[in-house]
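Colleague: Sharing a model that was predicted from the sequence below.
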Amino acid sequence: MAENNKSKPPVSENTEDFSSLPKKEDAEVGLLNLSLDELSSEIIGEYRHSAPVKMPNREELTVRLVNISLLQRLDELRGDVTLMQTILWTIIGTILGFATSLFGSEQSIDQIDKRSWWLFLLLIIFAGVFGYLTQRANKRAVKLRNKLFQDGE
């Protein structure tokens with residue numbers, strides 16, 4: 001067995017001759033053999049190395065530092081406004097649907113149950129309350145936004 005190991009060449013030794021294969025410059029160039037510049041010019045046509053760059057004036061490059069807690073509070077206020085607007089529009093849609101059901105039925109207004117009128121009135125009150133809360137939260141958010149992002153200070 002020791003003789004068999006000596007007679008075989010090591011695995012890492014390369015005995016193939018690659019001189020007969022065509023060289024890169026002799027072979028037909030495919031898309032995979034192109035550089036990035038050559039490939040882009042092949043696809044696009046004319047290749048530009050960079051887009052024109054226009055720097056803004058120095059005043060437009062000013063960075064404003066703001067208090068992160070105020071910025072987070074502004075985000076919370078905007079979330080509150082969005083939630084209240086969603087609830088308000090849901091109530092308004094409910095009022096419209098309820099009114100369509102009440103007045104679109106074939107029964108006269110005198111025959112509509114008293115509980116339906118109370119429910120209709122309650123929905124109108126809810127719409128008023130959420131309208132007020134939405135407007136109030138929106139004013140607070142605008143005031144805080146103006147305080148954070150005022151120009152000139």
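Modeller: Yes, it's here.
Colleague: Check what pLDDT the nearest residue to N67 once chain neighbours are set aside gets.
Modeller: Excluding the flanking residues, the one nearest N67 by CB to CB, 6 or more residues apart in numbering is L148, at 7.9 Å. Glycine gets a C-beta too; all of them are placed from N, C-alpha and C. Note on L148: pLDDT of 86.
Colleague: burial count for L148?
Modeller: 14 (other CB atoms under 10 Å).
Colleague: Please report how far it lies from I124.
Modeller: In this view, L148 and I124 are 36 Å apart by CB to CB, to the nearest Å.
Colleague: isn't G131 right up against W89?
Modeller: No. Applying CB atoms under 8 Å as the test, G131 and W89 come out as separate, 10.2 Å apart.
Colleague: before we move on, the earlier item: ok, the residue nearest to N67 - contacts?
Modeller: For L148, the residues meeting the contact criterion (CB atoms under 8 Å, 6 or more residues apart in numbering) are V66, N67, L70, L71, L74.
Colleague: try it again with 7 Å
Modeller: Residues near L148 by CB atoms under 7 Å, 6 or more residues apart in numbering: V66, L70, L71, L74.
Colleague: What values do phi and psi take at the last one?
Modeller: This points to L74. The phi/psi pair for L74 (degrees, to the nearest 10) reads phi -60, psi -40.
Colleague: Let me know the secondary structure of L70.
Modeller: Here L70 is recorded as helix under DSSP: H, G, I helix; E, B strand; the rest coil.
Colleague: For the protein, just list every one of the helices.
Modeller: Secondary structure of the chain by DSSP state H: the helices cover 2-7, 36-44, 68-104, 114-148.
Colleague: nearest to L61, of those helices?
Modeller: Each of those was scored for nearness to L61 using CB to CB, and the closest is helix 114-148 (19.3 Å).
Colleague: what's the angle between that closest one and helix 68-104?
Modeller: In terms of direction (axes from the mean of the first three to the mean of the last three CA atoms, to 10 degrees), helix 114-148 departs from helix 68-104 by 150 degrees.
Colleague: For D80, which non-adjacent residue is closest in space?
Modeller: A137 (4.8 Å).
Colleague: which residues touch that neighbour?
Modeller: L77, D80, V81, M84.
Colleague: Quick one, grab the pLDDT at it.
Modeller: pLDDT recorded at A137 is 93.
Colleague: about what we covered before: I'd like the contacts of L148 laid out as CSV, including pLDDT.
Modeller: Formatted as CSV, those follow (pLDDT from 0 to 100):
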residue, pLDDT
V66, 84
L70, 89
L71, 89
L74, 92
